[in-house]
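Asker: quick one, what's the 3D model for this:
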Amino acid sequence: FDAMANGNNEPALRIVRDDGSDRSFSFAELSRRSNQVANALRALGARRGDRLLLMLPNIVETWETILACMKLGVVVIPATTQLTPLDIADRFERGAVRHVIADGDAALKFATLPGDYTRLIVGSDLAGWTRYETALEGPDSFVPDGDTKASDPLFLYFTSGTTANPKLVLHTHA
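Answerer: This next block holds a predicted model:
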(Lines give C-alpha, C1' and ligand atoms only; values in the text may rest on other atoms or scores of the structure.)
Protein backbone atom coordinates (compact mmCIF):
# COMPACT_ATOMS: atom_id res chain seq x y z
CA PHE A 1 0.00 0.00 0.00
CA ASP A 2 2.66 2.49 1.01
CA ALA A 3 4.70 2.13 -2.19
CA MET A 4 1.60 2.84 -4.25
CA ALA A 5 0.41 5.58 -1.88
CA ASN A 6 3.67 7.55 -1.86
CA GLY A 7 2.83 10.98 -3.28
CA ASN A 8 -0.55 9.72 -4.53
CA ASN A 9 -3.11 12.38 -3.72
CA GLU A 10 -5.92 10.62 -5.57
CA PRO A 11 -8.94 9.77 -3.40
CA ALA A 12 -8.63 6.36 -1.70
CA LEU A 13 -11.54 6.58 0.74
CA ARG A 14 -14.66 8.66 0.82
CA ILE A 15 -16.98 8.72 3.79
CA VAL A 16 -20.43 10.26 3.44
CA ARG A 17 -22.27 10.45 6.76
CA ASP A 18 -25.98 10.49 7.50
CA ASP A 19 -25.73 14.19 8.39
CA GLY A 20 -24.60 14.93 4.81
CA SER A 21 -20.96 15.57 5.65
CA ASP A 22 -18.61 14.25 3.00
CA ARG A 23 -14.86 13.72 3.45
CA SER A 24 -12.30 12.15 1.14
CA PHE A 25 -8.89 10.80 2.14
CA SER A 26 -6.07 10.38 -0.37
CA PHE A 27 -3.83 7.33 -0.60
CA ALA A 28 -0.92 9.42 0.71
CA GLU A 29 -3.01 10.72 3.61
CA LEU A 30 -4.15 7.22 4.62
CA SER A 31 -0.56 6.01 4.42
CA ARG A 32 0.66 8.79 6.75
CA ARG A 33 -2.24 8.42 9.18
CA SER A 34 -1.93 4.63 9.33
CA ASN A 35 1.81 5.05 10.00
CA GLN A 36 0.93 7.25 12.97
CA VAL A 37 -1.54 4.67 14.28
CA ALA A 38 0.99 1.85 13.78
CA ASN A 39 3.61 3.83 15.72
CA ALA A 40 1.14 4.52 18.54
CA LEU A 41 0.08 0.88 18.75
CA ARG A 42 3.72 -0.23 18.78
CA ALA A 43 4.44 2.24 21.61
CA LEU A 44 1.52 0.75 23.55
CA GLY A 45 3.00 -2.74 23.17
CA ALA A 46 1.37 -4.15 20.02
CA ARG A 47 3.62 -6.73 18.35
CA ARG A 48 3.51 -9.02 15.32
CA GLY A 49 1.02 -11.82 15.94
CA ASP A 50 -0.95 -9.96 18.64
CA ARG A 51 -4.70 -9.78 18.19
CA LEU A 52 -6.68 -6.55 18.17
CA LEU A 53 -10.46 -6.38 18.53
CA LEU A 54 -11.71 -3.58 16.25
CA MET A 55 -15.18 -2.48 17.29
CA LEU A 56 -15.97 0.59 15.20
CA PRO A 57 -18.60 1.58 12.65
CA ASN A 58 -17.59 2.47 9.09
CA ILE A 59 -15.41 5.50 9.87
CA VAL A 60 -11.94 6.53 8.70
CA GLU A 61 -10.38 5.22 11.94
CA THR A 62 -11.54 1.71 11.01
CA TRP A 63 -9.54 1.78 7.78
CA GLU A 64 -6.52 3.51 9.34
CA THR A 65 -6.40 0.83 12.01
CA ILE A 66 -6.62 -2.03 9.50
CA LEU A 67 -3.74 -0.56 7.49
CA ALA A 68 -1.73 0.04 10.68
CA CYS A 69 -2.26 -3.56 11.79
CA MET A 70 -1.14 -4.81 8.37
CA LYS A 71 2.08 -2.82 8.80
CA LEU A 72 2.63 -4.18 12.31
CA GLY A 73 1.64 -7.78 11.59
CA VAL A 74 -1.16 -7.52 14.17
CA VAL A 75 -4.20 -9.74 13.54
CA VAL A 76 -7.49 -7.82 13.34
CA ILE A 77 -10.66 -9.24 14.86
CA PRO A 78 -13.46 -7.16 13.30
CA ALA A 79 -16.46 -6.88 15.62
CA THR A 80 -19.88 -5.34 15.22
CA THR A 81 -20.77 -2.58 17.64
CA GLN A 82 -23.90 -4.62 18.46
CA LEU A 83 -21.98 -7.20 20.50
CA THR A 84 -23.01 -7.68 24.12
CA PRO A 85 -20.51 -7.83 26.99
CA LEU A 86 -20.92 -11.64 26.99
CA ASP A 87 -20.10 -11.77 23.26
CA ILE A 88 -17.02 -9.62 23.87
CA ALA A 89 -15.85 -11.84 26.74
CA ASP A 90 -16.15 -14.89 24.45
CA ARG A 91 -14.10 -13.19 21.74
CA PHE A 92 -11.46 -12.25 24.28
CA GLU A 93 -11.18 -15.78 25.56
CA ARG A 94 -11.22 -17.66 22.26
CA GLY A 95 -9.55 -14.94 20.19
CA ALA A 96 -6.71 -14.21 22.64
CA VAL A 97 -7.34 -10.46 22.35
CA ARG A 98 -4.56 -8.16 23.60
CA HIS A 99 -5.68 -4.80 22.20
CA VAL A 100 -9.02 -3.03 21.62
CA ILE A 101 -10.08 -0.03 19.57
CA ALA A 102 -13.69 1.08 20.04
CA ASP A 103 -15.85 4.18 19.96
CA GLY A 104 -17.41 5.68 23.08
CA ASP A 105 -20.63 3.66 23.04
CA ALA A 106 -18.87 0.37 22.40
CA ALA A 107 -16.15 1.08 24.99
CA LEU A 108 -18.78 1.13 27.74
CA LYS A 109 -19.42 -2.57 27.05
CA PHE A 110 -15.90 -3.39 28.28
CA ALA A 111 -16.51 -2.02 31.79
CA THR A 112 -16.95 -5.49 33.30
CA LEU A 113 -14.19 -7.14 31.28
CA PRO A 114 -11.08 -7.32 33.44
CA GLY A 115 -7.61 -7.77 32.09
CA ASP A 116 -4.45 -6.08 31.01
CA TYR A 117 -5.24 -5.14 27.43
CA THR A 118 -4.55 -1.98 25.45
CA ARG A 119 -7.63 0.25 25.15
CA LEU A 120 -7.98 3.00 22.52
CA ILE A 121 -11.18 5.01 22.23
CA VAL A 122 -12.27 7.01 19.18
CA GLY A 123 -13.97 10.36 19.63
CA SER A 124 -14.55 10.15 23.39
CA ASP A 125 -12.89 10.23 26.78
CA LEU A 126 -13.24 7.35 29.21
CA ALA A 127 -11.17 6.53 32.28
CA GLY A 128 -8.64 3.78 31.55
CA TRP A 129 -8.76 4.36 27.79
CA THR A 130 -6.25 6.20 25.58
CA ARG A 131 -7.68 8.63 23.06
CA TYR A 132 -7.15 7.33 19.54
CA GLU A 133 -6.71 10.89 18.32
CA THR A 134 -3.41 11.22 20.20
CA ALA A 135 -1.97 8.68 17.73
CA LEU A 136 -2.38 11.25 14.98
CA GLU A 137 -0.01 13.58 16.82
CA GLY A 138 2.94 11.19 16.47
CA PRO A 139 5.51 10.56 13.72
CA ASP A 140 4.08 9.85 10.28
CA SER A 141 6.88 7.58 9.06
CA PHE A 142 6.98 3.89 9.98
CA VAL A 143 9.56 1.14 9.70
CA PRO A 144 8.20 -2.41 10.01
CA ASP A 145 10.00 -4.85 12.27
CA GLY A 146 10.13 -7.45 9.52
CA ASP A 147 8.57 -8.68 6.31
CA THR A 148 4.95 -9.70 6.19
CA LYS A 149 4.34 -12.88 4.19
CA ALA A 150 1.19 -13.59 2.22
CA SER A 151 0.67 -16.61 4.49
CA ASP A 152 0.75 -14.50 7.69
CA PRO A 153 -2.59 -14.06 9.49
CA LEU A 154 -4.46 -10.80 8.91
CA PHE A 155 -8.08 -11.22 10.03
CA LEU A 156 -9.70 -13.51 12.57
CA TYR A 157 -13.42 -13.51 11.94
CA PHE A 158 -16.10 -14.89 14.22
CA THR A 159 -18.96 -16.37 12.21
CA SER A 160 -22.54 -15.31 12.90
CA GLY A 161 -23.22 -18.20 15.26
CA THR A 162 -26.83 -18.60 14.11
CA THR A 163 -26.87 -22.38 14.69
CA ALA A 164 -24.16 -22.72 17.37
CA ASN A 165 -21.38 -20.69 18.99
CA PRO A 166 -19.55 -18.51 16.48
CA LYS A 167 -16.60 -20.25 14.90
CA LEU A 168 -13.23 -18.63 14.33
CA VAL A 169 -12.13 -18.23 10.72
CA LEU A 170 -8.59 -17.06 10.03
CA HIS A 171 -7.76 -15.15 6.82
CA THR A 172 -4.21 -14.51 5.70
CA HIS A 173 -2.82 -11.53 3.80
CA ALA A 174 -3.26 -13.57 0.62
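
Asker: what's the lowest-mean-pLDDT helix or strand in the chain packed up against?
Answerer: One helix or strand of the chain scores below all others by mean pLDDT, DSSP states H and E: helix 2-5, with a mean of 91. The elements that helix 2-5 packs onto, with contact taken as 3 or more C-beta pairs under 8 Å, 6 or more residues apart in numbering; DSSP states H and E, are helix 27-43. No exception for glycine: its C-beta is placed from N, CA and C like everyone else's.

Asker: what residues does the helix it packs on touch?
Answerer: Residues from elsewhere that reach helix 27-43, judged by C-beta atoms under 8 Å, 6 or more residues apart in numbering: 1-2, 4-10, 12-13, 25, 52, 60, 63-65, 67-69, 71-72, 74, 99, 118, 120, 132, 134-142.

Asker: show me where this structure has strands.
Answerer: For the chain, the strands defined by DSSP state E occupy 11-16, 22-26, 51-55, 75-78, 99-103, 118-122, 130-131, 153-158, 168-172.

Asker: and these, which is most packed in?
Answerer: When you average the neighbours per residue for each of those (mean count of other C-beta atoms under 10 Å), strand 99-103 leads with a mean of 25.

Asker: D90 contacts K167, correct?
Answerer: No: the criterion here is C-beta atoms under 8 Å, and D90 misses it with K167 at 11.6 Å.

Asker: tell me which of the two has more neighbours.
Answerer: Higher neighbour count among D90 and K167: D90, with 16 against 11, using other C-beta atoms under 10 Å.

Asker: ok, that one - contacts?
Answerer: So D90 contacts 165-166 (C-beta under 8 Å, 6+ apart).

Asker: one more time with 10 Å
Answerer: By C-beta atoms under 10 Å, 6 or more residues apart in numbering, the contact list for D90 reads 83-84, 158, 161, 165-166.
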